[in-house]
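Student: Below is the sequence, then the predicted model.
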Amino acid sequence: MNAPAKTEDFASPIPAGVYAETVLSVTHYTDRLFRFTMTRPQGFRFRSGEFAMIGLVVEGKPIFRAYSIASPAWAEELEFFSIKVPDGPLTSHLQAIKPGDQVLMRKKPTGTLVLDALTPGRRLYMFSTGTGIAPFASLIRDPETYEKYEEVILTHTTRDVAELKYGFDLVEEIKSDELLQEVVGDKLRHYATVTREDFDYRGRITDLIASGKLFTDLGVPPLDPSIDRGMICGSSAMLKDTKDLLEKAGLNEGANSKPAEFVIERAFVG
C-alpha cells in the first residue's frame, strides 16, 4: 500500500481548480467506516447536502472520488464520512491518512440533496443507508433545514449496530450544542435500524416503509405528498426501491432545475 500523500508530494504546482487541504482529525468507527476533518479553503462555498471531489496523489497521479460534505455550510472545517474499501483506488489510501497529511479537493461542489431542490412542505424524511448518511449530517446541522420544516426524520440503516455510531454521535453533538439545540428543539427525529443484528428497530428501511412499521413506530401518518418531502442516499438498490415507494405514495422526483417532493443523489452509484 502506498503511503497517503504528504506535503512534499506537492512540489509540483497544484492542478488548476484544485485545493490542497490539511487533515485535522481522523476517527475510525469500525474496520469499514471512518470520519475525517480537514481545513476549509478560504472562499470555498457550498450548500448543505452537496458533495465535492476528494482525492490523493497515488503513484504520482491524482485520484478523485465524489464525497458528500458532512459538515454544514456554516462550519469552519470540512468533514467527510467514508467507507474503507481494501482494494479501492482511493479509499485504500485515504483510510490511512493522519492529521497533518494533505488531501486534494476540486473547487466546485455540486449535488441534488439540497433544500432548494424540494418544494415547500412540513415534514422532511432523510432516508440513508451506510455512508449515505453523510449529506444528511450536513443538513441536520443547518438551521435553514428547521426554518423550512416542522419535523425532520433521519433514517439510517446499516448492517451492524456498530455502524450506527456516527449517526448517534451526530445527534448527541446537536443536543450538546447550545446554539444548535435552540434552533433544532424537538424537530429532529432519528430512526436507526440494522439488518444483521438484534436492535430496537430491525430491517431494511424499504421494508419498514412498505409495511407501514416506520410510520407506526414514529407515530406519524403514511406518506402524504401535500406535506411530506424526501431525500434518499444509499446503495443503487436502496435508491430504486425507495424511489418506487415514494412515487407509489404520490411524491414526484425533483432536481435543482425543477423542485418537487423528493430528491435522490446518484453520484455515488455505479
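Tutor: Ah, there it is. As the structure is a prediction and not an experimental result, all values here were calculated from the model. Residues are numbered from 1 along each chain as shown.
Student: Output the contacting helices and strands for the longest strand belonging to the chain.
Tutor: Determined from DSSP state E, the single longest strand within the chain is strand 18-28. With contacts taken as 3 or more CB pairs under 8 Å, 6 or more residues apart in numbering; DSSP states H and E, strand 18-28 sits against strand 33-39, strand 102-106. For the C-beta atoms, the positions are set from N, CA and C on the backbone; glycine is no exception.
Student: The last one: partners in the sheet, and parallel or antiparallel?
Tutor: Strand 102-106 sits in its sheet next to strand 18-28 (antiparallel), strand 51-58 (antiparallel), going by DSSP bridges.
Student: starting at the chain centroid, how far to it?
Tutor: For strand 102-106, the separation from the chain centroid amounts to 18 Å (computed by CA atoms, centre = their mean, to the nearest Å).
Student: Show residues contacting that strand.
Tutor: Residues from elsewhere that reach strand 102-106 (CB atoms under 8 Å, 6 or more residues apart in numbering): 5-7, 9-10, 14, 17-23, 36, 38, 41, 52-57, 62, 64, 78, 94, 97.
Student: can you tell me the helix or strand for the spatially most central residue of the chain?
Tutor: Against the mean C-alpha coordinate of the chain, by CA atoms, centre = their mean, the closest residue is residue 134 at 1.7 Å. Counting by DSSP states H and E, the element that carries residue 134 is helix 134-139.
Student: which residues of the stretch 1-150 of the chain fall in helices?
Tutor: Counting by DSSP state H, counting those that start in this stretch, the stretch 1-150 of the chain has helices at residues 91-94, 134-139, 143-148.
Student: Could you single out the most deeply buried of these?
Tutor: helix 134-139 (a mean of 27; mean count of other CB atoms under 10 Å).
Student: how deep is residue 96 tucked in, by neighbour count?
Tutor: Residue 96 sits with 16 neighbouring residues when counted by other CB atoms under 10 Å.
Student: mind listing the helices for the stretch 151-270 of the chain?
Tutor: 165-176, 178-184, 205-211, 213-218, 236-248.
Student: Run the angle between the first one and strand 18-28 for me.
Tutor: Regarding helix 165-176 and strand 18-28, their directions subtend 100 degrees when assessed with axes from the mean of the first three to the mean of the last three CA atoms, to 10 degrees.
Student: Show me what counts as buried in helix 165-176.
Tutor: 165-167, 170-171, 174 (16 or more other CB atoms under 10 Å).
Student: now swap in stretch 238-248 and tell me
Tutor: Neighbour-count burial for stretch 238-248 [16+ other CB under 10 Å]: 238-239, 241-243, 245-246.
Student: what do you get for stretch 57-71?
Tutor: 57-58, 62-65, 67-71.
Student: Show me the two of those that sit farthest apart.
Tutor: Maximum pairwise distance among those (CB to CB): 25.1 Å, between 58 and 71.
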